[in-house]
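Asks: Attaching a predicted model along with its sequence, questions to come.
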Amino acid sequence: MAKPNKKGPTQTVEIFCAKCKSQLFKYRKGGKGALVKCFKERIVDDYTQTPCQCPSCEQIFARDTLIRGAPAFKMIGGKVTMK
């Protein structure tokens, strides 16, 4: 399968923890659907200290995985919101 586009989309969204509302990422998202996965190469700003864990409430919000050969975070449903 093809790898995702390195440059990716230009529109950025901010991703927040659904439980405590602290900011987790600033991410270059393509399309207008729900946030299912985050490719690591598209993350602009990362506000987490431990991968896949909220810095303030310590909730696990994603799983570390490979999607189409590229490292990514697979989001757990209902754990994150975006603006």
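Replies: Structure received.
Asks: So which residues of the chain form strands?
Replies: Listed in chain order, the strands of the chain (DSSP state E) span residues 12-17, 23-28, 37-39, 43-46, 62-67, 70-75, 80-82.
Asks: Which one of these lies nearest to Cys52?
Replies: The closest of the strands of the chain to Cys52 is strand 62-67. By Cβ to Cβ, the value is 4.4 Å. Heads up, the C-betas are built off the backbone N, CA and C, glycines and all.
Asks: Just the buried positions in the closest one, please.
Replies: Across strand 62-67, burial judged by 16 or more other Cβ atoms under 10 Å covers Ala62, Ile67.
Asks: Could you do stretch 69-76 as well?
Replies: Ala70, Ala72, Phe73, Met75.
Asks: quick one: which of those residues is nearest Ala18?
Replies: For Ala18, the nearest member of these is Met75. The distance, counting by Cβ to Cβ, is 10.4 Å.
Asks: what's the closest one in contact with, if anything?
Replies: Leu35, Val36, Lys37, Cys38, Phe61, Ala62 (Cβ atoms under 8 Å, 6 or more residues apart in numbering).
Asks: Would you mind listing the residues in contact with the last one?
Replies: Right, the one you point to is Ala62. Ala62 touches Cys38, Cys52, Phe73, Lys74, Met75, Ile76, Lys79, Val80, counting by Cβ under 8 Å, 6+ apart.
Asks: can I get these in a markdown table with distance to Glu14 and pLDDT?
Replies: A markdown table is the format used below for the contacts of Ala62 (distance: Cβ to Cβ, whole Å; pLDDT from 0 to 100):
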| residue | distance to Glu14 | pLDDT |
| --- | --- | --- |
| Cys38 | 12 | 94 |
| Cys52 | 17 | 93 |
| Phe73 | 15 | 97 |
| Lys74 | 19 | 97 |
| Met75 | 14 | 96 |
| Ile76 | 18 | 96 |
| Lys79 | 15 | 95 |
| Val80 | 10 | 96 |
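Asks: So which of those is the closest to Leu66?
Replies: When the contacts of Ala62 are compared against Leu66 (criterion: Cβ to Cβ), the nearest one is Lys74, at 9.8 Å.
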